[in-house]
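**Student:** sequence first, predicted coordinates after that:
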There are 2 protein chains.
Amino acid sequence: MAKHDPDLDLIFQALSDPTRRAMLARMGEGPLPVSELARPTGLALPTILRHLSVMEGAKLIETAKSGRIRMCRARPETLVATMDWMAEQRAIWEARTDRLEAFLKTLQDGDDDADQSGT
Amino acid sequence: MAKHDPDLDLIFQALSDPTRRAMLARMGEGPLPVSELARPTGLALPTILRHLSVMEGAKLIETAKSGRIRMCRARPETLVATMDWMAEQRAIWEARTDRLEAFLKTLQDGDDDADQSGT
């Protein structure tokens, strides 16, 4: 099975806006109709639809019509895939710190040997 | 102590570019001079400096002059704080899934009772 390959450009772009992050957080509680998502923002409907379209393009949400109402649902698997990328960066960093510590220990052990040979 | 409060707008904006993500990944292996970061990209120095400035503004990296060389270092604590935000969203989602499961179980138990009273 192909691994879920998230488009990080689109995802991070979508997450860089506080209105979109707030909308996504609300959808985490459960699917919501567009009108309900729009209400607390005080933004015009076209603006809301543009924000939703950016998040849908990044696969952070999906929307579906139910009669005359468009429902919006978060897609947590995309957030998880993005966290995986971040965890990878963090692992590279930590591996480097471990190597540095090992290297410093080698230097220190070398010093100890030098001290001993000096006595 | 005040919690490290990352500016998510700036961080996600900085991470939305593949060149910047590649530069950040290389810095994860250890601090690098600007010239070394620029080399594999084939980009002009002003472009590289602009990318570095965006990442420095987001506190994803820090730079410091050492003689005539500017060194660039990743700041993993910013990435960790961003992962915290994502983990929070994920937790909200999972709590909701747990509640849904509990609710479905209630419905199912109700059905079982109804079945029993019907026999």
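**Tutor:** Right, received. Where do you want to start?
**Student:** tell me which parts of chain A are close to chain B?
**Tutor:** Residues of chain A lying near chain B by C-beta under 8 Å from any C-beta of the partner chain: A:8-13, A:15-18, A:21, A:24-25, A:28-30, A:74, A:76, A:79-80, A:82-83, A:86-87, A:89-90, A:92-93, A:96. C-betas here are computed from N, CA, C, even on glycine.
**Student:** who's in contact with the residue lying closest to A:Thr63 once chain neighbours are set aside?
**Tutor:** Among residues not flanking A:Thr63 along the chain, A:Cys72 sits closest, at 4.9 Å (C-beta to C-beta, 6 or more residues apart in numbering or on different chains). By C-beta atoms under 8 Å, 6 or more residues apart in numbering or on different chains, the contact set of A:Cys72 is A:23, A:27, A:31-34, A:37, A:52, A:61-63.
**Student:** can you check A:Ile92 too?
**Tutor:** So A:Ile92 contacts B:25, B:28-29 (C-beta under 8 Å, 6+ apart).
**Student:** where do the helices sit along chain A?
**Tutor:** Using DSSP state H, the helices assigned to chain A run over residues A:8-15, A:18-28, A:34-38, A:45-57, A:76-118.
**Student:** residue nearest the centroid of chain A?
**Tutor:** Residue closest to the average C-alpha location in chain A (C-alpha atoms, centre = their mean): A:Thr82, at 4.2 Å.
**Student:** list the contacts of it.
**Tutor:** For A:Thr82, the contact set (C-beta under 8 Å, 6+ apart) comprises A:6, A:8, A:11-12, B:86.
**Student:** using TSV, lay out these together with distance to A:Leu107.
**Tutor:** Output for the contacts of A:Thr82, formatted as TSV (distance: C-beta to C-beta, whole Å):
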residue	distance to A:Leu107
A:Pro6	41
A:Leu8	38
A:Ile11	42
A:Phe12	39
B:Met86	38
